[in-house]
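# Could you work out the structure for the sequence below:
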Amino acid sequence: MSFILAFAGSNSSTSINFELVKFTCSLIPTEEIRLMNMHNCPFPMYSMDYEKEHGYSNSLNELKRDIQFAKGIIISINEHNGYPSAYFKNLMDWLSRLDRDFIRDKKVMLMATSPGRRGAIGALEVSASMLKRFGADIVGTFSLPLFKENFDVERGILNTELANSHQLLVQDFLKVID
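So this is what the prediction gives:
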């Protein structure tokens with residue numbers, strides 16, 4: 001069974017990046033998609049002491065397994081102070097401790113959005129670099145600035161130029177994973 005795994009790098013119950021991921025998934029009706037809401041996936045802050053004492057959680061092992069069996073992965077990264085959130089970095093720390101090659105050779109469509117004009121571009125760049133370090137194949141990136149002005153839950157991306165750019169990335173991603 002092959003599927004696309006999709007999630008946001010945020011554990012917020014009101015994540016705008018999760019909204020972007022959900023919208024992106026709605027544009028791919030021909031594929032099985034496993035959409036994960038990371039709000040339901042709490043992970044303790046990584047430390048070697050905690051790892052030694054408690055090992056790896058079942059949910060971490062399940063996520064690693066889903067990543068390894070997915071034919072493609074869609075991630076939208078949130079930004080805090082110009083960098084990926086502590087939650088996303090923590091998730092990468094846990095996954096890389098469980099298996100350094102957890103995302104090796106996986107095709108990844110990487111996105112980011114924020115309420116600001118930069119569209120979380122700092123977090124997007126740092127995350128792309130981090131994921132490449134673990135062997136991910138970043139198919140492309142997309143940044144959606146000014147989320148509240150450029151996105152509507154019912155209609156999707158409102159800015160025509162951004163919507164076209166996003167759609168092209170989705171098409172490129174689908175070509176690469178098939």
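# Show me how far stretch 146-155 is from its chain's centre.
With CA atoms, centre = their mean, to the nearest Å as the basis, stretch 146-155 stands 19 Å off its chain's centre.
# Also stretch 85-94?
Relative to its chain's centre, stretch 85-94 lies at 12 Å (CA atoms, centre = their mean).
# Using neighbour counts, pick out the buried residues of it.
Neighbour-count burial for stretch 85-94 flags 85, 87-92, 94 (criterion: 16 or more other CB atoms under 10 Å). Just so you know, the C-beta spots here come from the backbone N, C-alpha and C atoms, and that holds for glycine as well.
# And stretch 164-174, by the same measure?
165-166, 169-170, 173-174.
# now do stretch 149-162
Buried, per 16+ other CB under 10 Å, within stretch 149-162: 150-151, 156-157, 162.
# Mind checking which of those land in helices?
Counting by DSSP state H, these place 150, 162 in helices.
# Quick check: phi and psi at Asp105.
Backbone torsions of Asp105, given as degrees, to the nearest 10, read phi 70, psi 10.
# give the contact list for it.
Counting by CB atoms under 8 Å, 6 or more residues apart in numbering, Asp105 touches 135-137.
# which among those residues end up buried?
Counted by 16+ other CB under 10 Å, these give Ala136 as buried.
# Return the member of the contacts of Asp105 nearest to Leu35.
Of all those, Leu35 sits closest to Ala136, with 19.1 Å by CB to CB.
# what bridges to the spatially most central residue of the chain?
For the chain, Ile75 is the residue whose C-alpha lies nearest the centre (CA atoms, centre = their mean; 1.6 Å). Going by DSSP bridges, Ile75 is paired in beta bridges with Phe7, Leu110.
# That one contacts Lys106, doesn't it?
No - using CB atoms under 8 Å, Ile75 is not in contact with Lys106; the gap is 10.4 Å.
# shared neighbours, those two?
Taking CB under 8 Å, 6+ apart as the criterion, Ile75 and Lys106 do not both touch any residue.
# and for stretch 85-95, what are the contacting residues?
9-11, 38, 43, 45-46, 56, 60, 63-64, 67, 77-80, 83, 102-103, 123, 127, 130-131, 134.
# Name the residue most distant from the centre of this protein?
Centroid-distance maximum for the chain: Glu53 at 28.9 Å, with CA atoms, centre = their mean.
# how close does it sit to Arg100?
Distance of Glu53 to Arg100, given as CB to CB, to the nearest Å: 21 Å.
# Ok, Val126 next?
In terms of CB to CB, Val126 sits 19 Å off from Arg100.
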